[in-house]
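Need the 3D shape of this:
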Amino acid sequence: MGAVNGPRPPGAPTGPGPGTPPAGPGAPGRVLRVAGPLVETTYLPGTAMHGLLALGPSGLTGEVVALRGDTAVVQAYEYTGGLAPGDPVRPGGGPLAAPLGPGLLGGVFDGLLRPLAGAPERLVPGAAPAPDRRRWRFRPLAAEGDRAAGGGVLGEVTGPVAGPDGGAAGPGPVPLPVLVPPGCGGPVRRIAPEGAYPADAVLAVVGGAEVPMTVRWPVRRPRPVRGRTGTREPLRTGQRVLDLLFPVVRGGTAAVPGGFGTGKTVLLQQIAKWCDADVIVHVGCGERGNEMADVIDELAALEDPRTGGLLADRTVVLATTSDMPMMAREAAVHTGATVAEYFRDAGLDVVLIADSTSRWAEALREFASRSGELPAEEGYPAGLASRLAAFYERAGAVTTLGGRPGSVTVVGAVSPPGGDTAEPVTAQTERFVRCLWTLDPDLAHARHYPAVSWSGSFSRDAAAVGAGQAAAGDPDWAGRRARTAALLAGADRLAGLVDLVGVTALPAAERMTVLGGRLLREAVLQQSALSPNDAHCSAAKTAALAEAALAVAGRCRELAAAGTPPADVEEADFGPLLRAREETGPDDASGVAARRDAVLAALAVLGGGPR
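Numbers count the residues shown, from 1 in each chain. The predicted structure is shown next:
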């Protein structure tokens, strides 16, 4: 028998665990061993892999991860202190499933999708969440006798009402269709009339199957689609270094590796605030509680430029902080992916942010060590690569079962210990993502934010985005990106030599390359998350800033080639260009062009007049 983790908390409820269906009939099994989140129980008839069990008198939620003869190995999703050998175990229904419905938007949940808003400071193990008593406006779009297939639209939920009398509480931030569940189909035998209904109401009957407003879906099973589609449309993040040099397409994947203090969390917050997705699903996996509180507070205070309401109204936050149970963190990324797929099936573009997948991998490692699984590199389980691949494969631009386009873009943070990007999680993640946004500690120490390394990052979507931008009316996009990358690479190549002998020892052409790299870094790539004008940048302003810096750098090279002393060029006033990013509005491309022209005019005087 294994050791017990501690005394049972006083006042713990005796009902079934949160999010767990009522226990099935029959004699209960019993707990054999407890080792942290790993619990061994006797085998219960009908128990299957990934099935839920209710553990102990409190009904703690656990999931079967292995069957060994007459023993079941269970991972517990809640604190197991007080769970003892001999405690009863009852079946908890099917696999771990998430309730998907209109009540998700604007909510804060834990890794099992239990609401945290209004919850006590510390959740009691086994405590059931408070029911959602809101009523939602439903408008039918199908009629009795119509035929509907899986994924077909039956109606639309447009928002909550103020009370049972049906008084309006304002429009919903994202209207959601009520869909025929996958695998169902047939004639519509009944559909509810227009009105206000609770989240668990049955709104229609299709082919003998009831269609509720809120459906449950197993979190480890991807929701089906009609097919995947290629796309060349970029996801606009509002961050210049990403949109200009390392774009990601809608439905793509990106990883953000960075050590402590490199600005990883702030960059992800900026993407969540300013990207042009319809819905944001933010999974805080093992992060510090104060960081998650900051994310929630900022989302609740930030105005949504699309609707004029609050950005939080189209955001779902899963907060599984470092002090929460380890396996709840493991489940959070799967739950987040399922929530993102639900909104994707509604025909929306979704961004799933996982911060961070390293903490998720650490939960896998800890559980694997307790269960005796054969360790691989640095103690991580041998299946780490396949689990990372399965997570990132849930991204994609698709045609839904109902024929609508939708997408899930996955952005995962990686926190390598000590900034070692050769460690297993970072190395394996690079294999499965389309974009890598590596954060450079040297840039962060120099207060250059976002600290995205232009030499250590890549985008496999750049060619597709370039073709798409050319078709959309910006044929210079690929050339602009190539010229920017080439100038930055040239400046980096000379950086070591400058440190050794000084910039004045270089030939004039190389001095102008160093100057051009500095203009690009300070005028374009650097961006302040605290500035109202600079926190977000439109595509037009990004292009204008890049073109301005390239034009000024090109003019400096011409002056040096014509015999103007390099020192005179370097001492010119580039202030209007360097201040343009903060002195012009997020969409003010014309203001950037005016400042560019002012700098070019000053350089023309330096060179003896216009050319």
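
Going by C-alpha atoms from here, please, whenever you check contacts or count neighbours.
OK.

Please name every helix or strand in contact with the lowest-mean-pLDDT helix or strand in the chain.
The weakest-scoring helix or strand in the chain, judged by mean pLDDT, DSSP states H and E, is helix 289-301 (a mean of 80). If contacts are counted by 3 or more Cα pairs under 8 Å, 6 or more residues apart in numbering; DSSP states H and E, helix 289-301 sits against helix 264-274.

Distance from the chain centre to the helix it packs on, please.
10 Å (Cα atoms, centre = their mean, to the nearest Å).

cool, stretch 185-194 as well?
35 Å.

residues contacting residue 419?
258-260 (Cα atoms under 8 Å, 6 or more residues apart in numbering).

now the strand or helix carrying residue 340, how far from the centre of its chain.
Assigned by DSSP states H and E, residue 340 belongs to helix 326-345. Relative to its chain's centre, helix 326-345 lies at 10 Å (Cα atoms, centre = their mean).

With only the CA atoms kept, save that helix in CSV.
C-alpha atoms of helix 326-345 as CSV (Å, rounded to 0.1, in the frame of the first residue of the first chain):
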residue,chain,number,x,y,z
MET,A,326,-0.3,19.0,-11.5
MET,A,327,-2.6,16.9,-13.7
ALA,A,328,-5.2,19.7,-14.0
ARG,A,329,-2.4,21.6,-15.8
GLU,A,330,-1.9,18.5,-18.0
ALA,A,331,-5.6,18.5,-19.0
ALA,A,332,-5.7,22.3,-19.5
VAL,A,333,-4.1,22.3,-23.0
HIS,A,334,-6.5,19.6,-24.2
THR,A,335,-9.5,21.5,-22.8
GLY,A,336,-8.3,24.7,-24.4
ALA,A,337,-7.9,23.0,-27.8
THR,A,338,-11.4,21.6,-27.5
VAL,A,339,-12.9,25.0,-26.6
ALA,A,340,-11.0,26.5,-29.6
GLU,A,341,-12.4,23.8,-31.9
TYR,A,342,-15.9,24.6,-30.7
PHE,A,343,-15.7,28.2,-31.8
ARG,A,344,-13.9,27.2,-35.0
ASP,A,345,-16.9,25.0,-35.8
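
Check which helices and strands the helix of greatest length in the chain sits against.
When the chain is parsed with DSSP state H, its longest helix is helix 477-501. Applying 3+ Cα pairs under 8 Å, 6+ apart, we find helix 477-501 packed against helix 240-245, helix 462-471, helix 508-520, helix 539-561.

Now do the helix or strand that the last one is followed by: everything it contacts.
Tracing the chain C-terminally past helix 539-561 and defining elements by DSSP H and E, one meets helix 566-570 next. Here helix 566-570 makes contact (Cα under 8 Å, 6+ apart) with 508, 511-512, 515, 556, 559-560, 603, 606.

again, but for stretch 205-225
By Cα under 8 Å, 6+ apart, stretch 205-225 touches 95-102, 148, 178-182, 184-191, 199-204, 334-335, 337-338, 341-342, 345, 394, 398-401.

And the strands in the stretch 301-450 of the chain?
Using DSSP state E, counting those that start in this stretch, the strands found in the stretch 301-450 of the chain span residues 315-320, 349-355, 396-399, 405-414, 435-436.

can I get these in JSON lines with distance to residue 471, mean neighbour count and mean pLDDT?
Converted to JSON lines, these look like this (distance: least, Cα to Cα, whole Å; neighbours: other Cα atoms under 10 Å; pLDDT from 0 to 100):
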{"stretch": "strand 315-320", "distance to residue 471": "31", "mean neighbour count": "27", "mean pLDDT": "92"}
{"stretch": "strand 349-355", "distance to residue 471": "21", "mean neighbour count": "27", "mean pLDDT": "95"}
{"stretch": "strand 396-399", "distance to residue 471": "19", "mean neighbour count": "22", "mean pLDDT": "96"}
{"stretch": "strand 405-414", "distance to residue 471": "20", "mean neighbour count": "27", "mean pLDDT": "97"}
{"stretch": "strand 435-436", "distance to residue 471": "22", "mean neighbour count": "24", "mean pLDDT": "98"}
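
picking that back up, what lies in contact with the longest helix of the chain?
Against helix 477-501 from outside (Cα under 8 Å, 6+ apart): 244-245, 454-455, 463, 466, 469-470, 506, 510, 513-517, 520, 546-547, 550.

Report the buried residues of that helix.
477-478, 480-481, 484-485, 487-489, 491-492, 494, 498 (16 or more other Cα atoms under 10 Å).

how far is it from where the chain is centred?
31 Å.

what angle separates it from helix 539-561?
Angle, helix 477-501 to helix 539-561, by axes from the mean of the first three to the mean of the last three Cα atoms, to 10 degrees: 50 degrees.

Counting neighbours, which of the contacts of helix 477-501 end up buried?
244-245, 454, 466, 469, 506, 510, 513-517, 520, 546-547, 550.

Would you check which pair of the residues you listed lies furthest apart?
469 and 506 (38.1 Å; Cα to Cα).

so which of the contacts of residue 419 is the most crowded?
Within those, residue 258 tops the neighbour count with 27 neighbours, counted by other Cα atoms under 10 Å.

domains for this protein, by residue range?
1-94, 133-215, 227-454, 477-606 (automatic domain parsing).

closest to residue 113 out of those?
Per Cα to Cα, nearest to residue 113 of the domains of the chain: domain 227-454, 7.1 Å.

quick one, helices of the stretch 1-150 of the chain?
Using DSSP state H, counting those that start in this stretch, the stretch 1-150 of the chain contains no helices.

before we move on, the earlier item: may I see the domains of the chain organised as TSV, with distance to residue 114 added?
Converted to TSV, the domains of the chain look like this (distance: least, Cα to Cα, whole Å):
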stretch	distance to residue 114
domain 1-94	7
domain 133-215	14
domain 227-454	9
domain 477-606	32
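
Show me the one of those domains that comes nearest residue 110.
domain 227-454 (5.2 Å).

gap between the two ends of that closest one?
Length of domain 227-454, first residue to last, Cα to Cα, to the nearest Å: 34 Å.

thinking again about what came up before, for the contacts of stretch 205-225, which PyMOL command selects only the ones that are buried?
Buried residues within these, by 16+ other Cα under 10 Å, are selected in PyMOL with:
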select buried, resi 95+96+97+98+99+100+101+102+148+178+179+180+181+184+185+186+187+188+189+190+191+199+200+201+202+203+204+334+335+337+338+341+342+345+394+398+399+400+401
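
Okay, and which of the contacts of stretch 205-225 map to strands?
95, 97-100, 148, 178-179, 185-191, 202-204, 398-399 (DSSP state E).

picking that back up, list buried members of the contacts of helix 566-570 by neighbour count.
By 16+ other Cα under 10 Å, those give 508, 511-512, 515, 556, 559-560, 603 as buried.

Out of these, which comes closest to residue 313?
residue 515 (44.8 Å).

coming back round to it: tell me what the helix holding residue 340 is packed against?
By 3+ Cα pairs under 8 Å, 6+ apart, helix 326-345 packs against strand 97-100, strand 279-285, strand 315-320, strand 349-355, helix 357-371, helix 384-392, strand 405-414.

Ok, which of these comes nearest residue 231?
Going by Cα to Cα, the one of the helices and strands packed on helix 326-345 nearest residue 231 is strand 405-414, 9.8 Å.

From the contact counts, what lies against the closest one?
Right, strand 405-414 is packed against strand 253-257, helix 326-345, strand 349-355, helix 357-371, strand 396-399 by 3+ Cα pairs under 8 Å, 6+ apart.

what separates residue 484 from residue 442, distance-wise?
21 Å.

Quick test: name the residue nearest the centre of the chain.
residue 353 (1.1 Å; Cα atoms, centre = their mean).

list the contacts for that one?
Residue 353 neighbours (Cα under 8 Å, 6+ apart): 268, 272, 280-283, 410-413.

and the two most separated of those?
Top of the distance list for those (Cα to Cα): 280 and 413, 15.3 Å.
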